[in-house]
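Novice: Whatever this is, show me its structure:
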Amino acid sequence: MTSLTFSSSLASDADDRPDAKPKVPKNRVQFDLPPRSMDRLNILKLKTEAASYAEVVKNALRLYEALIEETESGKQFFVRDESGTMSPYRLFF
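Specialist: The predicted structure follows:
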């Protein structure tokens, strides 16, 4: 099993640059992933040209949250095949 750790840092007191954004406190999260999950994470990182594993996970969480919100509000998702036929895509069972 592979261990994956996302770095974190706490907000610093001040940044001297005039265009600097305020720093947001961050938390450290560590995952133990089986090889297949680590492979999937690497593939997603490459396909999305993400700068880090953390970026992949943050984007995945945003998407997952949006899909859940849409589903909870009664919306459905559909897929269209190459012939143009649309069928419902069940995301959550």
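Novice: use CA for all of it now, contacts and neighbours both
Specialist: OK.
Novice: Look up which helix or strand the residue positioned nearest the centre of the chain falls in, please.
Specialist: What sits nearest the mean C-alpha location of the chain, by C-alpha atoms, centre = their mean, is residue 60, with 2.2 Å. Per DSSP states H and E, residue 60 falls inside helix 53-72.
Novice: That helix - contacts with which helices or strands?
Specialist: Using 3 or more C-alpha pairs under 8 Å, 6 or more residues apart in numbering; DSSP states H and E, the elements in contact with helix 53-72 are helix 35-48.
Novice: Can you give the contact residues for the helix it packs on?
Specialist: Contacts to helix 35-48, defined as C-alpha atoms under 8 Å, 6 or more residues apart in numbering, come from residues 1-2, 51-53, 56.
Novice: Recalculate using a threshold of 10 Å.
Specialist: Helix 35-48 has contacts (C-alpha atoms under 10 Å, 6 or more residues apart in numbering) with 1-4, 32-33, 49-57, 59-60.
Novice: could you give me the average pLDDT of it?
Specialist: For helix 35-48, mean pLDDT is 97.
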